[in-house]
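Student: Have a look; sequence and predicted model below, questions after that.
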Amino acid sequence: MVAYEASAASGPLVLTRYTELMNGIIDTAEDAKLLRERGVLINRLQTDEEVGDMWNGMTKSVRLTKVPFLG
């Protein structure tokens, strides 16, 4: 979805900006576990490590974005 938004959107990349935010918050399995235990995210993957890997891998090929009302 991030790649599609980056290639198709003509306006602000809101989903991409959100994934950048989550990528900044979730660095490790411990971060994912803390957020899951606090009810911030729901993990339907096998492990919290997979959650960290998923979020950290989403924005690797997309340049950082600026969305003023989200920043």
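Tutor: Yep, it's here.
Student: what about residue 33, how many neighbours?
Tutor: 17 (other CB atoms under 10 Å). (C-beta placed from N, C-alpha, C; glycine too.)
Student: and it, what is it in contact with?
Tutor: residue 48 (CB atoms under 8 Å, 6 or more residues apart in numbering).
Student: try it again with 10 Å
Tutor: 26, 43, 47, 48, 49, 51, 52 (CB atoms under 10 Å, 6 or more residues apart in numbering).
Student: What about those, which are in helices?
Tutor: When DSSP state H is applied, the contacts of residue 33 are split such that 48, 49, 51, 52 fall in helices.
Student: Quick check on the residues you listed: which are buried?
Tutor: Burial by neighbour count, judged by 16 or more other CB atoms under 10 Å, picks out 48, 51, 52 from the ones in helices among the contacts of residue 33.
Student: Buried by neighbour count: which residues of stretch 49-59 qualify?
Tutor: Buried residues in stretch 49-59, defined by neighbour count with 16+ other CB under 10 Å: 51, 52, 53, 54, 55, 56, 58, 59.
Student: What of stretch 5-20?
Tutor: Neighbour counts over stretch 5-20 (16+ other CB under 10 Å) mark 5, 6, 13, 15, 16, 17, 19, 20 as buried.
Student: possible to save these as CSV with pLDDT and secondary structure?
Tutor: Below are the buried residues of stretch 5-20 laid out as CSV (pLDDT from 0 to 100; DSSP: H, G, I helix; E, B strand; the rest coil):
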residue, pLDDT, secondary structure
5, 82, helix
6, 76, helix
13, 78, coil
15, 80, helix
16, 79, helix
17, 80, helix
19, 79, helix
20, 79, helix
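Student: Save these as CSV, and put in distance to residue 38 too.
Tutor: Output for the buried residues of stretch 5-20, formatted as CSV (distance: CB to CB, whole Å):
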residue, distance to residue 38
5, 28
6, 30
13, 27
15, 23
16, 25
17, 22
19, 20
20, 21
